[in-house]
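*Asks:* Sequence first, then the predicted structure, then my questions.
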Amino acid sequence: MRAVVSFICFVLISGGLIAQDSKDPKGYTQKGRELYEKHEFMEALLNVNKAIELDKNFAAAYYLRGNIKDNFDDRHGAMKDYNSAIEKNPKFADAFFARGNVKMKLQDFYGAIADYTSAITINENYIEAYFNRGKAKQYLQAYEDAINDCSKIIEINPKNVDAFYMRGILRINFGDVKNGCLDLSKAGELGDLKAYEAIKEKCNQKD
């Protein structure tokens, strides 16, 4: 009799958990994230759609769906979802960053800079946002501002090889060849072999 009661309790508890999970947008979003990381994008999309169906204000689900759409090169669809994520959570730094990346792909460099700046305002140590903002400024030939973003990255992480490399190229393009070459040398010292190719091309010429 005790065994029968225990079994019934187990069934009831299990059923309750399943019912709870089936109505949990966080659970669907987490499952979608796991599938996304495995590159199982369609399955991930189905789970995220379910999460949004259950909670139309769940910013994380819109953000993840934006990432999935971006992987399918559905850039305007991704932008719409990032807009929704930011609308639901105006302090969502990663959503601003991701939307900035889509704007970069669409060559809206000023829009991208604005989004990266928003991400940095929320998280002042957001290295990836500084780096991509620097790249956007580079496209606009705003070299001095781009250099400042690289310098901020190096201030946060003095061993960031990508920041030294980009700052080196930017400084050379801006006319500061000596310091640019020193930055490339530091990038090479930190393990970036392409920095030495750039040194051969840009730093070993006669004045």
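*Replies:* Arrived safely, thanks for sending.
*Asks:* hey, let's count contacts and neighbours off CA atoms from now on
*Replies:* Fine.
*Asks:* Output the contacting helices and strands for the helix or strand harbouring residue 128.
*Replies:* Using DSSP states H and E, residue 128 falls within helix 127-139. On a contact count with 3 or more CA pairs under 8 Å, 6 or more residues apart in numbering; DSSP states H and E, helix 127-139 meets helix 93-105, helix 109-122, helix 143-156.
*Asks:* Off-centre distance for the first one?
*Replies:* What that stands for is helix 93-105. In this view, helix 93-105 has its centroid 7 Å away from the chain centroid, taken as CA atoms, centre = their mean, to the nearest Å.
*Asks:* contact partners of the helix or strand hosting residue 61?
*Replies:* For residue 61, the host element (DSSP H and E) is helix 59-71. Contacts to helix 59-71, defined as CA atoms under 8 Å, 6 or more residues apart in numbering, come from residues 25, 29, 32-33, 36, 41, 44-45, 48-49, 51-52, 75, 77-82, 84-86, 88-89, 95, 98, 102.
*Asks:* Mind giving me the PyMOL select for those, buried ones only?
*Replies:* Entered in PyMOL, the line below selects the buried ones among those, by 16 or more other CA atoms under 10 Å:
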select buried, resi 25+29+32+33+36+41+44+45+48+49+51+52+75+77+78+79+81+82+84+85+86+88+95+98+102
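*Asks:* Sitting in helices, which of the contacts of helix 59-71 do you find?
*Replies:* Among the contacts of helix 59-71, the ones falling in helices (DSSP state H) are 25, 29, 32-33, 36, 41, 44-45, 48-49, 51-52, 75, 77-82, 84-86, 88, 95, 98, 102.
*Asks:* do you know how far the residue nearest to residue 104 when sequence neighbours are not counted is from residue 84?
*Replies:* Closest residue to residue 104 apart from its sequence neighbours, by CA to CA, 6 or more residues apart in numbering: residue 112 at 5.7 Å. Note on residue 112: its distance to residue 84, by CA to CA, to the nearest Å, is 17 Å.
*Asks:* now do residue 198
*Replies:* 42 Å.
*Asks:* swap in residue 168?
*Replies:* From residue 168 to residue 84 the distance is 38 Å (CA to CA).
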